[in-house]
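Trainee: got a predicted model here, sequence first, then my questions.
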Amino acid sequence: MLDPHIPAPRWRDLTTEEQAWVDRTLASLSAEARIGQLFNFAVNDDPEAIEAVRGLGAGAFHRFPGADLAHARDVTRALLEQSPIPPLLSGDIEGGEVSFGFATALPNQLGIAAADDPALTYQLARIAAEEARAIGCDWSFAPVVDINAAFRSTVVGTRSYGSDVPRILAHASAHIAATQDAGLAACAKHWPGEGFDDRDQHLLTTVNPLDMDAWRASFGHIYHELIERGVMTIMAGHIALPAYAAVRDRSAYAPASVSAALNIDLLRGELGFRGLLVSDASVMGGLTSWMDRAEAVPAIIENGCDMLLFSRDPVGDVALMRDGLRTGRLSEARVEEAVSRVLSLKALLGLHRSEIDDRLPDVSLRSAGSRASADEAAAKSLTLVKDVPGLLPLSPVRHRRIVIAAEREQAVFIDGAPPRSFAPLHDALVRAGFDVRAYDPDQPPTGEDSDLLLYVVGREATPVIASAQIDWASLHGSAKKAMRRHLGIPTLMVAFGHPYLLYDAPWIGTFVNAYSAIEPVQRALVAALTGEAGFPGRSPVDPLCGRPELAF
């Protein structure tokens, strides 16, 4: 059920003043300037990134800020100053590992769904949106509304609200309401729906295998409801929906990012979407493996997207778009329609009335209230999957000597995101009275020198990694030592990310899903493990992966 206390954003028509600005601006743009408005270029905090997009008249910039907030604000100011038309400023505001280093550490979407409190979801999304304004963001590439169906998927996992359509819809609606109440445009992704293919659209075109009845009952229902509730933008993924195709040939497997059938006929015609449709990153393998770049750049716009996301060669891609218009692969009508939608979104957000200082406000970051909300969500998310031997709660009397075996820390995918560290877990256990040491592959623990073996595993959903399996070689020190099993020591495993890792460790009797390794989660975990708090999380997915033997 949707929380009745959460305001529902509604798509609204432009005011007379806003429509006049859109019409006047559109009429004033040359064909070349209109082409620029079709692009959203990624910009990190390197000076070279600013120079790479200078003079192209881009319609939007996607910010990948570093840890230095002052420098990130200076970069945003430079982008605004060089833009003749106010640009949209987007960001990946998803929480968890996909976070800005200067912002409050918030759980990822799956952890938030485990807490299962839409009012709290609203609070968290509002915090994330308001803090993102510190670097000028007015467009959030969230929420993810994919369905966790293929448990081996490395790219959906913790980024989604789970497997249950009503729960996904409740939390996505709260997220969108909060984001748009904060003055940012939300973006539901990834159209037409990911999660049933365990492959990664960053590497190849993935396929949504549902028939249309099943699709309309799941993804179709989600998108229809979010459109009715006024989501301003949607992201078209490099995902095929062959069931919608009239003819089941190669064209049926075209990614949505270049599919007029999915974008124009299904999304706009059947579902009634009126907002801006942005492609997913055009540098991803799901598109680059489907067609040549010279064909793909104009095809994105011609087939229903209003904006192309990211480029490895901004100058070259602008030239390809112009060439597409010149040769007829891109129609003037589609360019005008797309640019009109880009300008309309800017008007709805009030960008045409905003000074640069207005777009870089002084924002309260990591306030006491924001941290309290993060702590509440972290505590509510913790999910006890099973405790067959009755190991919990842990006690310094019975389990004083704890050995922690942790997977190697891996680099995060998003530049500027905070690195993962398990120091908060270690320190909290020590404060609770435990003696804690790291697993030594050359002197493995025994029942005589250790009271508990704590496995710390998992990472959040991450693009382009080969698998989400437990890395036993990393845990135990080598490939040969990966085969060790320490059945003589009470053992606990905690997954700080992918929620399906029990599949790789069915013999472990006590298993916790924590979903994220942010500091509030690690602190809350120790309180739950020691019995100071409970495990209130309700799993948003099937952590047993449909395998009954994992319950024992």
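Mentor: Ah, there it is. Only a predicted model underlies this, so the values are computations on that prediction, with no experimental measurement involved. Numbering: from 1, shown residues only.

Trainee: mind listing what's buried in the worst-scoring helix or strand of the chain on mean pLDDT?
Mentor: When each helix and strand of the chain is scored by mean pLDDT, DSSP states H and E, helix 47-53 comes last, with a mean of 90. Neighbour-count burial for helix 47-53 flags A49, I50, A52, V53 (criterion: 16 or more other CB atoms under 10 Å). Heads up, the C-betas are built off the backbone N, CA and C, glycines and all.

Trainee: now these in CSV, with distance to R371?
Mentor: Compiled in CSV, those are given as follows (distance: CB to CB, whole Å):
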residue, distance to R371
A49, 31
I50, 33
A52, 37
V53, 35
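
Trainee: quick check: next helix or strand after the least confident helix or strand of the chain?
Mentor: strand 60-63 (DSSP states H and E).

Trainee: any chance you could list what contacts that next one?
Mentor: 39-44, 53, 72, 75-76, 79, 87-92, 135-137, 139, 141, 307, 309-310, 342 (CB atoms under 8 Å, 6 or more residues apart in numbering).

Trainee: state the mean pLDDT of that strand.
Mentor: The pLDDT scores in strand 60-63 average 98.

Trainee: out of the contacts of strand 60-63, which are inside strands?
Mentor: F39, N40, F41, A42, V43, L88, L89, S90, G91, W139, M307, L309 (DSSP state E).

Trainee: which members of these are the farthest-apart pair?
Mentor: Using CB to CB, these span at most 16.5 Å, a distance reached by F39 and G91.

Trainee: tell me the SS of the residue of the chain positioned farthest from its centre?
Mentor: In the chain, E448 marks the outermost C-alpha relative to the chain mean, sitting 44.5 Å out by CA atoms, centre = their mean. Secondary structure for E448, judged by DSSP: H, G, I helix; E, B strand; the rest coil, is coil.

Trainee: and it, how far from E97?
Mentor: Noted for E448: a distance of 38 Å to E97, by CB to CB, to the nearest Å.

Trainee: also L29?
Mentor: For L29, the distance to E97 - CB to CB - is 39 Å.

Trainee: which of the two has more residues huddled nearby?
Mentor: E97 (24 against 19; other CB atoms under 10 Å).

Trainee: that one against G458, yeah?
Mentor: No: E97 is beyond contact range of G458, at 11.1 Å (criterion: CB atoms under 8 Å).

Trainee: what is in contact with those two at once?
Mentor: Joint contacts of E97 and G458 (CB under 8 Å, 6+ apart) are G497.

Trainee: looking at the buried residues of helix 47-53, which is nearest I402?
Mentor: A49 (44.8 Å).

Trainee: how much space between the closest residue to the closest one other than its chain neighbours and G316?
Mentor: Excluding the flanking residues, the one nearest A49 by CB to CB, 6 or more residues apart in numbering is V43, at 4.7 Å. Using CB to CB, V43 is found at 17 Å from G316.

Trainee: higher neighbour count, those two?
Mentor: Neighbours around V43 and G316, counted as other CB under 10 Å, are more numerous at V43. The numbers are 22 against 13.

Trainee: tell me the pLDDT at G350?
Mentor: 98.

Trainee: could you count how many residues lie near it?
Mentor: With other CB under 10 Å as criterion, G350 counts 14.

Trainee: how close does it sit to F219?
Mentor: 32 Å.
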